[in-house]
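In: requesting a structural model of the entry that follows:
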Amino acid sequence: MSSSSFRKPTLAFAIMLLVWWSNVESSSSSRVSPSRRHRAVAESLWRRKGKGKGHGSSHHHSTKPKSPSPPSATVPRQAPDSKVFNVLNFGAKGDGATDDTKAFQDAWASACKSEASVIEVPAKYVFLIGPISFSGPYCQHNIVFQLDGTIIAPTSPARWGSGLLQWLEFTKLVGLTIRGSGTIDGSGDVWWQSGPYDDDPLDDQSKLIFPTNNTFQKPNPIPMTGKMPRIKPTAIRFYGSFNVTVTGITIQRSAQCHLKFDNCIGVSVYNFTVTSPGDSPNTDGIHLQNSKDVLIRSSNISCGDDCVSIQTGCTNVYIHNMNCGPGHGISIGGLGRDNTKACVSNITVRDVYMQNTMNGVRIKTWQGGSGSVQGVQFSNIHVSEVQLPIVIDQYYCDKTKCTNQSSAVALAGINYENIRGTYTVKPVHLACSDHAPCVDVTLRNIQLIPQPQKYHMYDPFCWQTFGQLLSPTVPAVDCVQMGKPSSKKIHGDEDLCSA
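Out: Just a heads-up that it's a prediction; the model follows:
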């Protein structure tokens, strides 16, 4: 075979190999990996979803001067499998003027279906929300209400009808948490200005406070608008819920009570703030009723009524590391109103600083009630310019007139320890019932120094108070009777609460 005939098939084979390799390279360069293709499709769908819903950056700018300008950054959108539900994705404007109630309802309806979901209320937005109920019992557990923006209450009378008892209500939930750095603003000024102070009962402890000039100064007149309903709403109410937490947020200017727990088990409140004027009527900071296993700590409360109010049906309540003032102190009661039965037990209040409050630590009951208050510890309380640091009043009456009655809520095992500071009216006022004297009342390390201001000042007062002084007190509280009341004195009703 000649050499030329041998080279012809070899050359043909080389040409075929080059053509095949060129096709392979071309095919390889046109391929896209599955992950890159998925990202490209997702980005395309994301852009189309955003355009379809009109979520451009101009959507978030507010022209209302009073509200902060919402951020111009793109709003994070909901991924299909996400458990975070941003209210902006449900149509909320966050401009402080548009009613965003429906957006919050829709966000809640979606979050309710997923355990451990998060409702996100973003920072730098102001959401106008009408009365709303975030309710179970068919919601999944452990929902988080992440509040970093501001929620404000409407000031239009039409939004409230004839009056509602609460504004934001959370009912029959398990493991709900409200957390964040945001604010809930109850727009209380319009309520306080809508009617005279006569509509709101005064704290009965004011009967013990007499100005030195013997004239009583009424609250400064406020222009009355008369437009809001007489019934004022609580800002946030929890009802029938288990293992609930409130932390980080601020509630301000509530029309009435700021935060209420009713029929709840397992409550935790910490790093929480209440801010309302000292003369705002009936604006309790935290109100507990028929609730047990409650921890309240590390919080600051300024209001126009009790910083914490503990009502009937409460047991295992622990309060510590609190700042209270202005306000009316920390109170158990009033209990037994309208001849009702009241049961309160195992209450601890300690490590509290109170400044410019009407009362310090107080128990108040109405005549004619039944039941008992047992196992109460008040300790490490520092008072500064407090009018009445230690109070038991079993003749409480915030009406014009109350009828004398013989029955009373029984008080037993009330302990005061390490209560120090300054007072401006009376250091100790222990007015117990003739029918059911207070028993097992103890005082240890009480040092209260008078600080004269504009009020008449009085010595300690006791009536039907039995117990013991475990150390000398300043001033001397010689009116506490040692031991137990005589057998002739009627004392009972504790058994009514153990049944």
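In: and D204, what's its pLDDT?
Out: At D204, the model reports a pLDDT of 72.
In: what about it, how many neighbours?
Out: D204 sits with 17 neighbouring residues when counted by other C-beta atoms under 10 Å. Every C-beta, even on glycine, is put in place using the N, C-alpha and C of the backbone.
In: what sits against it?
Out: Applying C-beta atoms under 8 Å, 6 or more residues apart in numbering, we find D204 in contact with 364, 393, 396-398.
In: how close does it get to Q367?
Out: Per C-beta to C-beta, to the nearest Å, D204 is found 12 Å from Q367.
In: list residues touching both of the two?
Out: C397.
In: in the protein, what helix or strand scores lowest on average pLDDT?
Out: Lowest on mean pLDDT, DSSP states H and E among the helices and strands of the chain sits helix 34-53, with a mean of 39.
In: now the element after it, going C-ward?
Out: Per DSSP states H and E, the first helix or strand lying C-terminal to helix 34-53 is strand 84-86.
In: and the very next helix or strand once past that following strand, how far from the chain's centre?
Out: Proceeding N to C from strand 84-86, the next assigned helix or strand is strand 95-99, under DSSP H and E. Chain-centre distance of strand 95-99: 24 Å, with C-alpha atoms, centre = their mean, to the nearest Å.
In: direction included, what does strand 95-99 pair up with?
Out: Strand pairing for strand 95-99, using DSSP bridges, gives strand 126-128 (parallel).
In: got any ranges where the protein has weak pLDDT?
Out: By pLDDT under 70, the low-scoring segments of the chain are 1-81, 195-202, 214-226, 487-495, 499.
In: tell me which residue is most central in it.
Out: In the chain, the residue lying closest to the centroid (C-alpha atoms, centre = their mean) is L259, at 3.5 Å.
In: quick one on the thing from earlier: nearest to P154 among the contacts of D204?
Out: Ranked by distance to P154 (C-beta to C-beta), these are led by D398 at 29.6 Å.
In: so who does T283 touch?
Out: Neighbour list for T283: 188, 254-258, 276, 303-305 [criterion: C-beta under 8 Å, 6+ apart].
In: how much space between the closest residue to P233 other than its chain neighbours and K124?
Out: Using C-beta to C-beta, 6 or more residues apart in numbering and skipping residues adjacent in sequence, the residue nearest P233 is W167, 4.4 Å away. When distance is defined by C-beta to C-beta, W167 is 22 Å away from K124.
In: count the residues that sit near H382.
Out: Close neighbours of H382, defined as other C-beta under 10 Å, add up to 17.
In: kindly report the same for K401.
Out: If you count neighbours by other C-beta under 10 Å, K401 ends up with 5.
In: give me the secondary structure label for it.
Out: State at K401, reduced to three classes by DSSP: H, G, I helix; E, B strand; the rest coil: coil.
In: measure it to Q367 for me?
Out: In this view, K401 and Q367 are 12 Å apart by C-beta to C-beta.
In: and what of Y353?
Out: With C-beta to C-beta as the criterion, Y353 and Q367 are 33 Å apart.
In: name the element F378 belongs to?
Out: Secondary structure (DSSP H and E) places F378 in strand 370-386.
In: which positions within the next helix-or-strand element following that strand qualify as buried?
Out: As assigned by DSSP H and E, the chain's next helix or strand after strand 370-386 is strand 388-393. By 16 or more other C-beta atoms under 10 Å, the buried positions in strand 388-393 come out as 388-393.
In: stretch 168-175 now?
Out: Across stretch 168-175, burial judged by 16+ other C-beta under 10 Å covers 168-171, 173-175.
In: out of those residues, list just those in strands.
Out: 168-171 (DSSP state E).
In: could you dump those to a markdown table with distance to R444?
Out: Shown next, in a markdown table, are those (distance: C-beta to C-beta, whole Å):
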| residue | distance to R444 |
| --- | --- |
| L168 | 42 |
| E169 | 42 |
| F170 | 40 |
| T171 | 43 |
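In: which among the residues you listed gets closest to C497?
Out: For these, the nearest to C497 is T171 (26.5 Å; C-beta to C-beta).
In: now do the same contact list for the closest one.
Out: So T171 contacts 133-136, 238-241 (C-beta under 8 Å, 6+ apart).
In: now, the residues you listed that are in helices?
Out: With DSSP state H as the criterion, helices contain none of the contacts of T171.
In: buried subset of those?
Out: Among these, the ones that count as buried by 16+ other C-beta under 10 Å are 134-136, 238-241.
In: quick check: the farthest pair among the residues you listed?
Out: The most widely separated members of the buried ones among the contacts of T171 are F134 and G240, with 12.7 Å between them, by C-beta to C-beta.
In: which element is T442 on?
Out: With DSSP H and E as criterion, T442 is part of strand 438-450.
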